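Asks: got a sequence here, can you model it:
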Amino acid sequence: MNTRQYYPAGGLKGSTFDDAGWSGGAGAGAGVDKKKELNELAVETLRRVIDSINGAGLDTSDASRKKKITGQVSETLGEILREKSRHFSQGDRQKIVKSVIDEIFGYGPVNSLINDPTVSEIMVNGCQQIYVERDGKIESTEITFRDDAHVLHTIDKIITPLGRRIDESSPMVDARLPDGSRVNAIIPPLAVKGPSLTIRKFATDPFTSDDLITFGTMSAEITLFLKACVRGRVNIVVSGGSGTGKTTTLNVLSSFIPNTERIVTVEDAAELQLRQEHVVSLESRPANIEGKGEVSIRDLVINSLRMRPDRIVVGEVRGGEALDMLQAMNTGHDGSISTVHANSPRDALARLETMVLMAGLDLPMRAIREQVTAAVDLVIQLQRFSDGTRKVVKVTEIVGMEGDTITMQDIFHFRQEGFNESSSVVGRHVPTGIIPKFLEKLQSVGENIPARMFEKTIPCPSRKGEREERNA
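Replies: Here you go, the predicted structure:
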């Protein structure tokens, strides 16, 4: 680690120091001077500690090594304070030690955010702006990096262990943290205002269907229905915009797959957290510095067909692999699941048609739609609401074709009834009254789904003036 490059003697220019580490724009007068001094002490301590351990090498995976270096940081800080004849409280000393340890063993200023369980996403817009998402809402933080080189250093620490690279010739990269959190980075000249880093965190303990019911993402009836669909080998596409919870829902759906089946997952960056025993995880690979060695999602989907899978789970379909995925669904690989970016079930099918054309084959549109209709049985549409909540807004069955048009019917939908006093969305998931055509198929494989689950309900005023529901 070359600390001279990232931590010059001038300190962290444009930054100050607070409880979370380096941050900016707080305080005035004597308060600013003290924060500046704390900042400079942290930089000097880091430089001396790194210089002393560079020769011996640093193994950040060794817990005893980390404990030893933490003690060394405290000792080095004490020496610096004695040299400068300065005295600080134990609290200030701990702040400095924590920041130095975060730089050595973690990811610098954002390390505290990564470890914060209330933060679901971290967005670094250059060195001076860091935003986070909490409870579905975006808020700014006071934490900053020193400069663009400091951000680049953090990005490098994330991607280097994965064999990825980022530079002017390859200014974008997708990666993941050891806990599976998704990472995207883009740097100048593409990022005009400085390096941008986005970290989408995933829970150490993956969400379950019960969690989604508690969050209001789906109802117990929808969960029971989707569980039967997965076990009954219905082909499912999870659709939604960015940040609507598609991967989380895909994780939950995948958890319904029986433990006796062989599952092959295909992803750009491995994020799925399947609990089954017989799982093979495949991950795409970008081209090397010479422009060679790329392995695309489509290559992996084609290869997965030769791996004797019972199920194929594709993290996201975004290109020509859509054709291979549809063909797999149509040729004996029932029960496959994938996600797609779209704003409605109809848009999801239109996107699949477009992506099939990206495969480079000159197919007539009717033939493509027949492939889509024969392959996809169910579309689960997710939406993120203004209060930050994510909900399943439609569960839609693909029925068939009328002429050149794909016909669809909603099985469940989310009925929004307004907002409460805290501006949270109020509503509920209700059946539409339509019984899915593949219900007999589910019952034939032992999935007991009562037809009354799909009976339509309508709101009506009660004698007490409250809203209640009765069967139509």
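
Asks: quick one, helices of this protein?
Replies: For the chain, applying DSSP state H gives helices covering 3-6, 30-53, 63-84, 90-105, 111-114, 148-159, 209-215, 220-231, 246-254, 297-304, 321-330, 345-357, 365-375, 439-444.

Asks: show me what contacts the most centrally placed residue in the chain?
Replies: Geometric centre of the chain, nearest residue: residue 200, 4.4 Å, by C-alpha atoms, centre = their mean. Residue 200 is in contact with 120-121, 181-183, counting by C-beta atoms under 8 Å, 6 or more residues apart in numbering. In short, each C-beta sits where N, CA and C put it, glycine included.

Asks: so how far is residue 134 from it?
Replies: 13 Å (C-beta to C-beta, to the nearest Å).

Asks: can you count the residues close to residue 270?
Replies: Residues near residue 270, counting by other C-beta atoms under 10 Å, number 16.

Asks: what about it, distance to residue 423?
Replies: Residue 270 is 37 Å from residue 423, by C-beta to C-beta.

Asks: hang on, residue 240 packs against residue 391?
Replies: No - using C-beta atoms under 8 Å, residue 240 is not in contact with residue 391; the gap is 10.0 Å.

Asks: of these two, who's got more company?
Replies: The neighbour count for residue 240 versus residue 391, taken as other C-beta under 10 Å, is higher for residue 240 (25 against 22).

Asks: and the pLDDT at the nearest residue to that one once chain neighbours are set aside?
Replies: Among residues not flanking residue 240 along the chain, residue 382 sits closest, at 3.5 Å (C-beta to C-beta, 6 or more residues apart in numbering). Residue 382 carries a pLDDT value of 97.

Asks: thought residue 382 was touching residue 243?
Replies: No - the pair residue 382 / residue 243 is not scored as a contact, 9.7 Å apart, by C-beta under 8 Å.

Asks: please enumerate the shared neighbours of these two.
Replies: Shared contacts of residue 382 and residue 243, defined by C-beta under 8 Å, 6+ apart, are found at residue 390.

Asks: one step back: for the residue nearest to residue 240, what are its contacts?
Replies: Counting by C-beta under 8 Å, 6+ apart, residue 382 makes contact with 217, 238-241, 244-246, 249, 390-393.

Asks: going through those, which ones are buried?
Replies: 217, 238-240, 244-246, 249, 390-393 (16 or more other C-beta atoms under 10 Å).

Asks: what's the farthest-apart pair in those residues?
Replies: Spanning the widest gap among the buried ones among the contacts of residue 382 are 217 and 239, at 14.4 Å by C-beta to C-beta.

Asks: how is the chain divided into domains?
Replies: For the chain, automatic domain parsing gives the domain ranges 1-104, 106-202, 209-471.

Asks: out of the buried ones among the contacts of residue 382, which comes closest to residue 287?
Replies: Minimum distance to residue 287 across the buried ones among the contacts of residue 382 is 26.8 Å, recorded for residue 246 (C-beta to C-beta).

Asks: what pLDDT does that closest one get?
Replies: Per-residue pLDDT puts residue 246 at 93.

Asks: equivalent analysis for residue 325, please.
Replies: Value listed for residue 325 in the pLDDT field: 91.

Asks: with the one 4 residues further on instead?
Replies: At residue 329 the predicted local distance difference test score is 89.

Asks: disregarding residues adjacent in the polypeptide, which is nearest to it?
Replies: residue 375 (3.8 Å).

Asks: which residues touch that neighbour?
Replies: The contact partners of residue 375, taken as C-beta under 8 Å, 6+ apart, are 235, 325-327, 329-330.

Asks: name the nearest of the residues you listed relative to residue 228.
Replies: Nearest to residue 228 among those: residue 235, at 14.1 Å, using C-beta to C-beta.

Asks: now do the phi/psi pair for that closest one.
Replies: phi -80, psi 130 (degrees, to the nearest 10).

Asks: number the chain from 2, please
Replies: Got it, the first residue is 2 from now on, which makes the last one we talked about residue 236.

Asks: confirm for me that it is in contact with residue 332.
Replies: No - counting by C-beta under 8 Å, residue 236 stays clear of residue 332, with 11.7 Å between them.

Asks: more neighbours: which of the two?
Replies: Counted by other C-beta under 10 Å, residue 236 and residue 332 do not tie: residue 236 has more neighbours, with 23 against 10.

Asks: which positions in stretch 184-197 come out as buried?
Replies: Going by neighbour count (16+ other C-beta under 10 Å), the buried part of stretch 184-197 is 184, 186, 188, 192, 195-197.

Asks: how about those, which pair is most distant?
Replies: Across the buried residues of stretch 184-197, the longest distance by C-beta to C-beta is 16.9 Å; it joins 184 and 195.
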